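Q: pasting a predicted model and its sequence here:
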Amino acid sequence: MRTATVAIVLLCGLAFSSTTVSAQKSAQQAVQEAAQQGWEFVPIGPPTRSLEGRAVQKQFGAAKKAPTANREILRRSIEGINFIGSNDSRPPDTNAAVGNDYIIETTNVHLRIWNRTLGNVLLDEPLAVLFGAPSGGDPYVLYDDRADRWYIIAFDSDDTGLFLSISFDGNPLHGFMPAFHLHDAPFPAGFPDYPKPGFNKDAIFISFNDFANNSGGATIVSIDKLAAFTGQLRFFVAVPDFQFRGMPPAQMHDDGDGVEWFVSTDGTDADGTTIRVTQLTNYLSNNPTFTYTHLPVAEYRNAPNADQPGGNITTFPNTTTYQVQYHKGRLVTAMGSGTASDGFRYPKTLLFDVDVTGATPTLSGEFVINPGTGVAAQMPSVEMDKRNKLGVTWMESSASEFLSMWVGTLNESTGRLISTVSAAGVGFMAFSDRIGDYSTTVLDPDGERFWSANEYIGDRSDIDWWRTNIQSFVAAKDAMAQR
């Protein structure tokens, strides 16, 4: 006779498994202790999420819905910068990074720092204070775990160049070096739109769309880390094969010395049946080398529809990747785009896992998070934990759901998705030109917790309509595996 067990994910990531009453009490006590630290266990009820899976390279078998028993997400929620806090009417372009015992969020023209353990605000200021001059927005913050430094980029004051601030060390409260201003040659003159940063062992990379010199195609700036850490700006500019919208550089958390990776659509944000994996070498020189691999994937198309109670929501910009994470030869990224399941009408969350350990990149996994008919799942980002499970966030809306923030975890080997709403929308999104520019999901220093930053809509559409949320959560361990 097989006896049941209890599997509970704790802050430390351990799973308790026992058939004894005393052990179960110990697990319950652990839950109470976690709650006292601001965490909560969220039971997953009848599954409302579905996952479409396609076996590529590795055979994962049919995708499965999450069971209702013994499935929990351990999460902690921090309310982020809102419309009033940022004093900016545009969608917030929210993103966050986590390192040491700090969380930093940037939105258009503002930044905030929290204590990662206690959740209290340590610093709250406009980006203009950090940069020493007003910024046009489109900020992005990264924590470089290889160098123990923080990077923050954004448009400069007239949107013709970029600011880059680098922290003195791993404690952002110790301050940032005087901001670098990338605007003089060889930096391209014009509007460096949609900037996205990344890093590897010896360089900081920023990609952007160059409308003045490259018809909006991606341009890559490679910045010498060692020089930058001594206050010197040394960088090189490279132009890859044409790529419109996002070509984000990977955040290379380990390995990969002498190479930088990018994962994007294959040239356009309209549609495709391939994604492009780009390798860049010789980047700190005037003779960079790009190598391209075009990986077949299920067809995707820019989806035109997204609804909300009482109206609709723009889908601009979708069909673009927002961030790329690298761990031990694996690249993971996500994008919102239409799929054949509904005739490419509503954007869904597409996840890609690419193996770059061999001579040529291969697609290890490809998944679509499809919340249901008529439901849009936009602005996703994804990260991988040390057990190779994925953490993902997206913004979701439908005719019966205001724009909300969701998070979930995915076990690629089983196709099991567990998800929950982390910040429910309660008001009408009035902005019609775009939904934002990105979200982020990053990995905690412990290697197990995910931290996602995304947008949702509040209840005061006249003066405080957009809100942001930072959600920490852990992939539950499989209870069956503990038996």
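A: Arrived safely. The structure displayed is predicted, hence computed values, not measured ones.
Q: can you say which helix or strand has the closest residue to Tyr322 other than its chain neighbours in it?
A: Closest residue to Tyr322 apart from its sequence neighbours, by Cβ to Cβ, 6 or more residues apart in numbering: Tyr438 at 4.0 Å. For the C-beta atoms, the positions are set from N, CA and C on the backbone; glycine is no exception. Using DSSP states H and E, Tyr438 is not contained in any helix or strand.
Q: where do the domain boundaries of this structure fall?
A: As given by automatic domain parsing, the domain ranges for the chain are 1-37, 38-482.
Q: quick check, pLDDT for Cys261.
A: Residue 261: Trp, not Cys. For Trp261, the pLDDT comes out at 98.
Q: can you name the residues bridging to it?
A: Gln279 (DSSP bridges).
Q: out of the domains of the chain, deepest packed?
A: Per-stretch averages of neighbours, counted by mean count of other Cβ atoms under 10 Å, single out domain 38-482 among the domains of the chain, with a mean of 20.
Q: distance from that one to the middle of the chain?
A: What separates the centre of domain 38-482 from the centre of its chain is 3 Å, taken as Cα atoms, centre = their mean, to the nearest Å.
Q: ok, back up a step: worst average pLDDT in the domains of the chain?
A: Across the domains of the chain, domain 1-37 has the smallest mean pLDDT, namely a mean of 34.
Q: quick one: the strands in the stretch 101-250 of the chain?
A: Listed in chain order, the strands of the stretch 101-250 of the chain (DSSP state E, counting those that start in this stretch) span 102-107, 110-115, 121-126, 140-144, 149-155, 162-166, 180-182, 192-199, 203-210, 217-224, 235-238, 250-252.
Q: correction: the stretch 301-450 of the chain
A: 307-308, 311-312, 321-327, 330-338, 347-355, 362-370, 376-384, 390-398, 401-411, 416-423, 440-443, 449-460.
Q: tell me the spacing between the residue lying closest to Thr393 once chain neighbours are set aside and Pro178.
A: Closest residue to Thr393 apart from its sequence neighbours, by Cβ to Cβ, 6+ apart: Ser452 at 3.5 Å. According to Cβ to Cβ, to the nearest Å, Ser452 and Pro178 sit 32 Å apart.
Q: cool, and Thr373?
A: Using Cβ to Cβ, Thr373 is found at 53 Å from Pro178.
Q: and Lys196, what are its bridge partners?
A: Beta bridges link Lys196 to Ser207, judged by DSSP bridges.
Q: residue contacts, it?
A: Neighbour list for Lys196: Tyr140, Ile206, Ser207, Phe208, Gly246, Met247, Pro248, Pro249, Tyr322, Gln323, Tyr438 [criterion: Cβ atoms under 8 Å, 6 or more residues apart in numbering].
Q: try Ala228
A: Leu164, Ile166, Phe180, Ile204, Arg234.
Q: what helix or strand is Thr291 on?
A: In this structure, Thr291 sits in strand 289-301 according to DSSP H and E.
Q: output that strand as PDB - backbone C-alpha positions only.
A: Extracted in PDB, the C-alpha atoms of strand 289-301 (Å, rounded to 0.1, in the frame of the first residue of the first chain):
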ATOM      1  CA  THR A 289      32.100  38.500 -36.000                       C
ATOM      2  CA  PHE A 290      28.400  37.600 -36.100                       C
ATOM      3  CA  THR A 291      27.300  34.000 -36.600                       C
ATOM      4  CA  TYR A 292      23.600  33.200 -37.100                       C
ATOM      5  CA  THR A 293      21.500  30.100 -36.500                       C
ATOM      6  CA  HIS A 294      17.900  30.100 -37.700                       C
ATOM      7  CA  LEU A 295      15.900  27.600 -35.700                       C
ATOM      8  CA  PRO A 296      12.500  26.300 -37.000                       C
ATOM      9  CA  VAL A 297       9.600  26.900 -34.500                       C
ATOM     10  CA  ALA A 298       5.800  26.800 -34.700                       C
ATOM     11  CA  GLU A 299       4.500  29.700 -36.800                       C
ATOM     12  CA  TYR A 300       3.800  32.900 -35.000                       C
ATOM     13  CA  ARG A 301       2.200  36.200 -36.200                       C
END
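Q: go ahead and name everything in contact with it.
A: By Cβ under 8 Å, 6+ apart, strand 289-301 touches 54, 56, 238, 240-241, 265-266, 270-282, 319, 335, 337-340, 344, 350, 352, 354, 360-363, 366, 368.
Q: circling back: phi, psi of the residue nearest to Tyr322?
A: phi -180, psi 170 (degrees, to the nearest 10).
Q: now Lys386. Nearest residue, chain neighbours left out?
A: Spatial nearest neighbour of Lys386, excluding adjacent residues (Cβ to Cβ, 6+ apart): Gly447 at 3.8 Å.
Q: can you tell me how far the one you found is from Val98?
A: The spacing between Gly447 and Val98, counted by Cβ to Cβ, is 12 Å.
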